[in-house]
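Peer 1: Need a 3D model of the sequence below.
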Amino acid sequence: MARYMYQVAYTDEAWEALVKKPVDRVEAIKPTVRKLGGKVETAYFTFGDYDLMLIASMPDDVSAAAMSIAASAGGSIKSIKTTPLMTVREGMRAMRQAKRAGYTPPGA
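Peer 2: Here you go, the predicted model:
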């Protein structure tokens, strides 16, 4: 299965609700990820533009997108960014494949 990183920024209202009644949102979304055929691997609260980072294994891009859409539709997220991840080994394979691709840059 492919891995995806989800970066989530909560709305002010969501933070207000979480401060009033703290809830482990990772445990809350695991059933949704499972229904889409995936598995939550890890998650962290973060500082900066995003509040939460989650890495999940998902069966395909459609399932990964469905997770983003479902989370966004709930109304507690002001933004979500989904990034496909590759292992270092996969990245090395991509570099070797790129070397053989024969791409010619503009103006060459």
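
Peer 1: which residue ranges form the strands in the chain?
Peer 2: If DSSP state E is used as the criterion, the strands of the chain fall at 2-10, 39-45, 52-58, 77-85.

Peer 1: Reformat these as JSON lines; add distance to Asp24, mean pLDDT and mean neighbour count.
Peer 2: Heads up, the C-betas are built off the backbone N, CA and C, glycines and all. As requested, the strands of the chain are exported to JSON lines (distance: least, C-beta to C-beta, whole Å; pLDDT from 0 to 100; neighbours: other C-beta atoms under 10 Å):
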{"stretch": "strand 2-10", "distance to Asp24": "14", "mean pLDDT": "97", "mean neighbour count": "19"}
{"stretch": "strand 39-45", "distance to Asp24": "9", "mean pLDDT": "97", "mean neighbour count": "13"}
{"stretch": "strand 52-58", "distance to Asp24": "11", "mean pLDDT": "97", "mean neighbour count": "20"}
{"stretch": "strand 77-85", "distance to Asp24": "16", "mean pLDDT": "97", "mean neighbour count": "14"}
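
Peer 1: Would you mind giving those as JSON lines with distance to Ala64 added?
Peer 2: Converted to JSON lines, the strands of the chain look like this (distance: least, C-beta to C-beta, whole Å):
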{"stretch": "strand 2-10", "distance to Ala64": "5"}
{"stretch": "strand 39-45", "distance to Ala64": "12"}
{"stretch": "strand 52-58", "distance to Ala64": "4"}
{"stretch": "strand 77-85", "distance to Ala64": "6"}
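
Peer 1: Ala65: which of these is closest?
Peer 2: The closest of these to Ala65 is strand 77-85. By C-beta to C-beta, the value is 7.0 Å.

Peer 1: tilt between the closest one and strand 2-10?
Peer 2: 160 degrees (axes from the mean of the first three to the mean of the last three C-alpha atoms, to 10 degrees).

Peer 1: Can you list the strands that strand 77-85 pairs with?
Peer 2: Using DSSP bridges, the strands paired with strand 77-85 are strand 2-10 (antiparallel).

Peer 1: hmm, who's touching the partner strand?
Peer 2: The contact list for strand 2-10, computed with C-beta atoms under 8 Å, 6 or more residues apart in numbering, reads 18, 41, 46, 49-61, 64, 67-68, 71, 76-85.
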